[in-house]
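K.L.:
how does the following fold in three dimensions:
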Amino acid sequence: MEVFAGGVGESDRVFNDLTSATDDLLSNTSASASLRHEVLQMAVIFVCGISQLSPGAYFLRHDLFPCIVTTITSPDTQQFTFEAVLLLALLANFHKSDAAKLNIYVRAIRETTNEELMRKICWASNFAAAAVVKAYQEISDDSPPTLTTTIGSLLYSLRPDRAFATTQVDPPRELFKNQPIEACVVLLPLFEFLHGSATFRKVFAKTLASREDKKSATATKSLPLTLLTLSSYLLSHASSASSPRAIAYANLALNTLLVISESDEILAALRQETSQDIRLCRQRLPQLPLLQPPKAPVCALLDCCILWIRHNLQKKLEVQCYLTCVKATYRVLWHLQKEHVRLDYHWQELWSALILLLDFLANKLDSLTTTGGVEQLVHETLLLIDFALVRSEQLLPSPQSVHELVYEVVRSAEVFRKQRTLLDKLVNPHVDASQGRLSGNQPPAVYALANVSTLAEGYEAKLRETGIRSANQGLRAVAKDIEKDGLSYGTDLHGAEDPP
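P.N.:
The predicted model follows:
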């Protein structure tokens with residue numbers, strides 16, 4: 001206040017004049033577009049600069065929502081929608097955690113029903129998100145292989161000088177140290193509107209159907225698909241450069257996916273097959289199987305969760321991000337079984353990723369920089385695997401998919417045995433494990449682990465008795481047993497109500 005107003009005594013007059021002038025100029029449709037753009041840019045810079053400091057309160061006293069809407073909807077300034085919606089999101093985040101009910105912009109986002117406004121925000125967001133994706137792809141071309149490129153790669157590998165070449169490796173992480181580009185900040189308004197506005201969620205879901213009606217091969221992809229593509233790159237490279245900025249954007253992307261997974265309206269649109277190509281990041285190994293159209297976009301959402309789990313297991317574990325990821329996955333699976341949708345998907349990739357996470361936590365707990373939240377993460381992951389098993393017949397598309405899930409659990413029986421010790425250690429590292437298990441009021445995850453372990457160890461004993469020596473033999477044996485006696489599983493812990 002000393003810098004801008006010359007003292008606290010003058011702050012009311014100066015900042016009230018500033019917000020009034022900003023409102024007047026942005027609302028004035030007779031003013032030149034360039035002047036209004038400069039005022040908009042000034043407002044964005046100022047609000048970013050003051051962050052959560054007290055001068056931001058003056059923007060809550062003077063409602064700028066109408067003039068921001070005017071900027072977005074006016075023909076001569078709609079090209080500045082990106083900056084306008086960013087300003088709105090920044091204002092909505094002022095003291096949001098402790099005074100959200102007092103924030104007029106949070107309320108305005110929630111209550112507005114202007115669908116034309118929402119469509120323009122979707123258009124600008126799609127353009128910005130696509131620019132971020134393009135920046136990643138220009139660093140390392142990860143286009144899906146075509147017949148021509150496959151033949152070319154084969155011929156190249158047969159050259160004498162390539163006979164002893166090493167196998168394919170990830171691109172150097174340093175290449176991505178400056179990613180994502182600034183346009184990625186569009187995730188902030190996207191999250192705010194998806195979280196706060198029922199009207200925006202409706203328009204967001206409708207963009208899939210509207211793009212599906214456009215058969216042109218050059219038609220711009222719909223915003224939900226562009227958002228999934230962007231998320232795949234952010235989540236694959238989040239820990240590549242150990243950048244707090246990259247991690248922050250990955251966290252925002254995961255929270256956006258969580259909001260999407262909590263909306264039945266959006267998931268209903270995402271579970272419909274689309275002929276649009278859904279391109280996901282393939283710049284990190286191992287690569288996921290390609291999603292060949294027509295395919296339900298919800299498959300890409302699950303792929304994004306797998307990419308995060310696979311590529312960000314490190315000593316400085318982002319536990320909260322992993323929790324968000326597992327919760328989003330659980331929400332998607334819950335919706336699918338509730339709506340009786342048996343998704344055609346590479347489910348084994350998801351099961352192996354979740355078990356990989358549990359194995360990492362059990363083996364690396366002592367070397368993690370922080371263990372805060374790890375117990376909850378183990379609980380949520382165990383409950384997710386338990387849910388997949390107990391609702392497998394409603395969730396998975398074929399008996400073979402059920403057999404593969406069960407076998408993946410059986411072959412990882414040792415991982416689940418480790419979880420018992422891990423949970424005891426996390427509850428109280430100074431108490432003997434046997435004593436820890438004697439305490440009452442066990443959390444649901446303990447019973448979920450008992451369900452999973454009983455299944456895994458039961459089949460493990462049967463396979464050992466029959467002398468199984470290969471994975472194929474093991475899978476066939478499990479399939480034969482399930483087809484003969486059915487899948488006998490423990491108590492269903494998940495109820496019929498939507499998860500909190």
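K.L.:
so residue 336 makes contact with residue 271?
P.N.:
Yes: using CB atoms under 8 Å, residue 336 makes contact with residue 271 at a distance of 7.1 Å. For the C-beta atoms, the positions are set from N, CA and C on the backbone; glycine is no exception.
K.L.:
what touches both of those two?
P.N.:
Common neighbours of residue 336 and residue 271 (criterion: CB atoms under 8 Å, 6 or more residues apart in numbering): 298, 343.
K.L.:
am I right that residue 106 sits in a helix?
P.N.:
Yes: counting by DSSP: H, G, I helix; E, B strand; the rest coil, residue 106 is part of a helix.
K.L.:
ok, back up a step: quick one, which of residue 336 and residue 271 is more surrounded?
P.N.:
residue 336 (22 against 18; other CB atoms under 10 Å).
K.L.:
tell me the SS of that one?
P.N.:
Per three-state DSSP, residue 336 ends up helix.
K.L.:
for it, give its distance to residue 391.
P.N.:
Separation of residue 336 from residue 391 (CB to CB, to the nearest Å) stands at 9 Å.
K.L.:
do residue 231 as well
P.N.:
Counting by CB to CB - residue 231 and residue 391 are separated by 26 Å.
K.L.:
between these two, which is the more surrounded one?
P.N.:
Per other CB under 10 Å, whichever of residue 231 and residue 391 has more neighbours is residue 231, with 30 against 18.
K.L.:
now for the host helix or strand of that one, which elements pack on it?
P.N.:
Per DSSP states H and E: residue 231 is located in helix 223-237. Where contact means 3 or more CB pairs under 8 Å, 6 or more residues apart in numbering; DSSP states H and E, helix 223-237 is packed against helix 115-139, helix 198-212, helix 244-261, helix 264-270, helix 298-311.
K.L.:
7 Å instead, please
P.N.:
If you count contacts as 3 or more CB pairs under 7 Å, 6 or more residues apart in numbering; DSSP states H and E, helix 223-237 packs onto helix 115-139, helix 198-212, helix 244-261, helix 298-311.
K.L.:
contacts for the longest one?
P.N.:
Among residues not part of helix 115-139, those counted as contacts by CB atoms under 7 Å, 6 or more residues apart in numbering are 69, 72-73, 78, 81-82, 85, 175-176, 179-181, 183-184, 186, 189-190, 193, 199-200, 203-204, 207, 220, 223, 226-227, 229-230, 233.
K.L.:
quick check on the residues you listed: which are buried?
P.N.:
Neighbour counting over the contacts of helix 115-139 (16 or more other CB atoms under 10 Å) leaves 69, 72, 81-82, 85, 175-176, 179-180, 183-184, 186, 189-190, 193, 199-200, 203-204, 207, 223, 226-227, 229-230, 233 as the buried ones.
K.L.:
residues contacting the spatially most central residue of the chain?
P.N.:
Central residue of the chain (CA atoms, centre = their mean): residue 254, 3.0 Å from the mean position. Residues in contact with residue 254 (CB under 7 Å, 6+ apart) are 308, 321, 324, 325, 328.
K.L.:
what about it, distance to residue 347?
P.N.:
Counting by CB to CB, the gap from residue 254 to residue 347 is 21 Å.
K.L.:
what's the answer for residue 47, then?
P.N.:
45 Å.
K.L.:
ok, now residue 182?
P.N.:
37 Å.
K.L.:
check residue 59 too.
P.N.:
Residue 59 is 48 Å from residue 347, by CB to CB.
K.L.:
pick out whichever of the two has more residues nearby.
P.N.:
Neighbour count, other CB under 10 Å: between residue 59 and residue 347, residue 59 has more, with 25 against 20.
K.L.:
assess the claim that that one and residue 20 are in contact.
P.N.:
No: using CB atoms under 7 Å as the test, residue 59 is too far from residue 20 to be in contact (11.2 Å).
K.L.:
got any ranges where the stretch 51-200 of the chain has weak pLDDT?
P.N.:
Confidence mapping of the stretch 51-200 of the chain against pLDDT under 70 gives the ranges 99-100, 146-169.
K.L.:
just give the nearest non-adjacent residue to residue 35, would you?
P.N.:
Closest residue in space to residue 35, ignoring its immediate chain neighbours: residue 25 at 6.7 Å, by CB to CB, 6 or more residues apart in numbering.
K.L.:
so that neighbour, which of the three states?
P.N.:
Taking three-state DSSP, the label given to residue 25 is helix.
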